[in-house]
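1. dropping the sequence and predicted coords here.
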Amino acid sequence: MNLRVTPKLRLAALALTAFALSGASSCLADGAYRLVPEDVIAIQVLYHPELSVPEATVRPDGMVNYPVAGDVQAAGASLVELSETIAEALRQELRDPKVSVRLVRRYVMPVYVLGSVRMPGAVHVTGPVTVAEAMALAGGLAETAAPRMGTLVRADGSQAPVDIMASLSGQTGLVLQPGDTLVVSAQFLVSVVGEVTASGRYPAEQGDRVADAIAAAGGLVETADRSAARLIRADGTSLPVDISAIITDAGAEHNHLLTPGDLIVVPTLERRVTVVGAVKLPGKYDFDDGDRVSDALAQARGALDEARLTDAVLVRRDGSAKPVDLQAITQHADQAGDVALVDGDTLIVPRWADQIAVMGMVSRPGTQPLEDGMTAMGAIAGAGGWPADGAAPARTVLWRQGEAEPEIIAINALALMRGDADVHDIPLQPGDIIYVPGSRGMDSGEFSRVLLGIASVLRLVY
């Protein structure tokens with residue numbers, strides 16, 4: 001049978017051929033590619049342009065909306081599989097639907113450029129890009145950028161530092177892959193106060209350390225205490241900083257990394273010595289590095305006539321005591337004994353005058369000169385007596401250093417005050433200590449411990 005080829009039939013044949021070639025081309029071009037969310041596809045139904053869709057985006061849930069079939073699962077399907085799925089849905093409306101699905105635009109994960117750039121966020125790319133290209137797409141560096149160091153976070157979660165400036169100048173061949181995140185650090189402020197050339201707030205960036213902030217403040221001045229600086233974080237945490245160790249590279253653990261809001265405090269190096277006892281002007285004095293005991297005595301305007309120069313004591317801050325012969329030092333006979341001062345020293349210059357002490361529940365506890373014929377009650381009266389409440393004068397004791405060991409003598413001061421006939425006052429000796437206890441009570445062992453502690457101090461001074 002001869003088939004007559006009409007213009008209409010020729011046109012239909014050409015359309016079928018084009019449709020077949022289009023489907024074959026898609027399959028060949030895409031191979032086993034499977035759709036992912038954000039892919040854009042086109043759906044064509046032969047002879048039914050009203051059912052064709054020029055562009056449809058695969059939603060994040062993997063579905064694509066087709067007007068006749070509704071939501072169709074697209075993510076994970078190949079183009080051929082999706083074509084067959086849509087054709088199957090159309091068979092309810094058409095006898096033999098011819099459906100072709102074409103990939104209009106393949107989704108490529110963006111590169112994320114965050115931090116101190118002009119347009120932080122996702123940068124849409126079609127493939128790998130250099131750091132410079134990604135930065136250009138993000139608008140370039142912001143004014144607050146600290147481009148010395150950034151951080152690259154790969155799509156797999158791994159991280160690596162990035163020298164942004166070196167990358168921008170082409171000194172590195174670092175390439176960003178789709179899905180990578182580049183974080184450009186911003187400058188932040190830290191404060192440096194105390195013994196530095198210029199206290200103030202200074203910009204810092206990721207990777208900067210305490211030494212960098214001190215350098216920004218012009219370095220330390222001569223009066224800085226290099227071993228007692230502190231780094232105070234924004235949350236109130238305080239960390240010790242030994243600047244001397246940092247300078248000598250011996251204390252890397254003190255060269256802490258800086259964080260926003262940090263405060264570095266460099267205190268003044270305190271060199272103070274206290275001079276007490278038989279000197280003309282007792283008090284606390286500043287001294288210079290290298291000053292010695294003789295310099296401390298000179299600052300106190302020298303010793304009084306009644307000073308026991310041979311029995312002076314230098315007490316360190318840690319409580320250790322060293323005997324000092326000030327007479328030999330002032331006569332230049334004992335240069336080795338003229339030791340260098342350290343902060344917190346106390347120089348005690350004792351007196352030759354005989355002293356006694358009245359301690360405990362009296363109005364004016366302390367030492368008194370021992371006068372001829374002074375008794376226990378006379379010493380208590382000289383200390384202002386005891387208060388009406390809270391004192392137990394009937395249990396007063398006297399501590400006296402005997403030849404072999406201390407002696408504790410009970411005194412009923414209340415009976416002495418009343419003038420009872422069966423009690424007698426006690427004449428005092430140099431170094432005696434009278435203790436009027438409180439009314440809550442104290443046994444003899446507690447008395448001994450208290451009085452021995454008082455006596456040890458008084459022996460140092462007197």
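-> Noted; the coordinates are in hand.
2. surely Ala56 forms part of a strand?
-> Yes: counting by DSSP: H, G, I helix; E, B strand; the rest coil, Ala56 falls inside a strand.
3. burial measure for it, as a count.
-> 19 (other C-beta atoms under 10 Å). Every C-beta, even on glycine, is put in place using the N, C-alpha and C of the backbone.
4. now it: how far from Val183?
-> Counting by C-beta to C-beta, to the nearest Å, the gap from Ala56 to Val183 is 35 Å.
5. what mean pLDDT does stretch 106-123 have?
-> When pLDDT is averaged over stretch 106-123, the result is 87.
6. before we move on, what about stretch 63-78?
-> Rounded mean pLDDT across stretch 63-78 is 90.
7. also stretch 432-445?
-> The model assigns stretch 432-445 a mean pLDDT of 76.
8. do stretch 143-161 as well
-> 81.
9. now do the same end-to-end measure for that stretch.
-> By C-alpha to C-alpha, to the nearest Å, the extent of stretch 143-161 from end to end equals 21 Å.
10. from the middle of its chain, how far away would it be?
-> In terms of C-alpha atoms, centre = their mean, to the nearest Å, the centre of stretch 143-161 is found 23 Å from the chain centre.
11. hmm, who's touching that stretch?
-> Stretch 143-161 is contacted by residues 109, 115-117, 141, 162-165, 168, 174, 176-188, 203-207 when judged by C-beta atoms under 8 Å, 6 or more residues apart in numbering.
12. what about 6 Å?
-> 116, 141, 162, 164-165, 179-187, 205-207 (C-beta atoms under 6 Å, 6 or more residues apart in numbering).
13. kindly report the same for stretch 123-133.
-> 108, 110-111, 113, 134, 137-138, 167-168, 174-177.
14. swap in 8 Å and give it another go.
-> By C-beta under 8 Å, 6+ apart, stretch 123-133 touches 108, 110-113, 134, 137-138, 162, 164, 167-168, 170, 172-178, 182.
15. which of those residues fall within helices?
-> Using DSSP state H, the members of those that fall in helices are 134, 137, 164, 167-168.
16. now the closest residue to Asp334 other than its chain neighbours: phi and psi?
-> Distances taken as C-beta to C-beta, 6 or more residues apart in numbering put Ala328 closest to Asp334, at 3.6 Å, once the chain neighbours are dropped. Dihedral pair for Ala328: phi -70, psi -40, per degrees, to the nearest 10.
17. kindly report the same for the one 3 residues further on.
-> Backbone torsions for Gln331, taken as degrees, to the nearest 10, come to phi -90, psi 10.
18. from Ser294, how far out is it?
-> Applying C-beta to C-beta to Gln331 and Ser294 gives a distance of 11 Å.
19. tell me where this protein is predicted with low confidence.
-> When residues are selected by pLDDT under 70, those of the chain lie in 1-32, 146-148, 249-251, 353, 440-462.
20. hey, where'd the strands end up in the stretch 351-462 of the chain?
-> For the stretch 351-462 of the chain, applying DSSP state E, counting those that start in this stretch gives strands covering 355-360, 366-369, 396-401, 406-411, 433-436.
21. would you turn the ones you listed into JSON lines with mean neighbour count and distance to Thr248?
-> Output for the strands of the stretch 351-462 of the chain, formatted as JSON lines (neighbours: other C-beta atoms under 10 Å; distance: least, C-beta to C-beta, whole Å):
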{"stretch": "strand 355-360", "mean neighbour count": "23", "distance to Thr248": "50"}
{"stretch": "strand 366-369", "mean neighbour count": "14", "distance to Thr248": "49"}
{"stretch": "strand 396-401", "mean neighbour count": "21", "distance to Thr248": "52"}
{"stretch": "strand 406-411", "mean neighbour count": "15", "distance to Thr248": "52"}
{"stretch": "strand 433-436", "mean neighbour count": "25", "distance to Thr248": "51"}
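22. turn the ones you listed into CSV, columns for distance to Asp39.
-> Compiled in CSV, the strands of the stretch 351-462 of the chain are given as follows (distance: least, C-beta to C-beta, whole Å):
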stretch, distance to Asp39
strand 355-360, 93
strand 366-369, 94
strand 396-401, 98
strand 406-411, 98
strand 433-436, 95
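23. what's the closest of the ones you listed to Pro37?
-> Among those, the nearest to Pro37 by C-beta to C-beta is strand 355-360 (87.0 Å).
24. give me the angle between the closest one and strand 396-401.
-> 140 degrees (axes from the mean of the first three to the mean of the last three C-alpha atoms, to 10 degrees).
25. strands paired with strand 355-360, and their directions?
-> Sheet pairing here is set by DSSP bridges, and for strand 355-360 it gives strand 366-369 (antiparallel), strand 433-436 (parallel).
26. can I get these in CSV with distance to Val358?
-> Below are the strands paired with strand 355-360 laid out as CSV (distance: least, C-beta to C-beta, whole Å):
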stretch, distance to Val358
strand 366-369, 7
strand 433-436, 5
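27. closest one to Val397 among those?
-> Closest approach to Val397 among these (C-beta to C-beta): strand 433-436, 5.3 Å.
28. one step back: just the buried residues of the contacts of stretch 143-161.
-> 116, 141, 162, 164, 180-187, 205-206 (16 or more other C-beta atoms under 10 Å).
29. residue contacts, the residue nearest to Asp334?
-> 310, 334, 337.
30. same question, Gln187
-> Gln187 touches 116, 144-146, 203-205, counting by C-beta under 8 Å, 6+ apart.
31. got it, and Ala278?
-> 303-304, 306-308, 349-351.
32. now, which of these lie within strands?
-> Val349 (DSSP state E).
33. going by distance to Val99, which of the contacts of Ala278 wins?
-> Ranked by distance to Val99 (C-beta to C-beta), these are led by Val349 at 110.0 Å.
34. so that closest one touches Gly302, yeah?
-> No: contact criterion C-beta atoms under 8 Å: Val349 and Gly302 do not qualify, at 9.8 Å.
35. okay then, goodbye and thanks.
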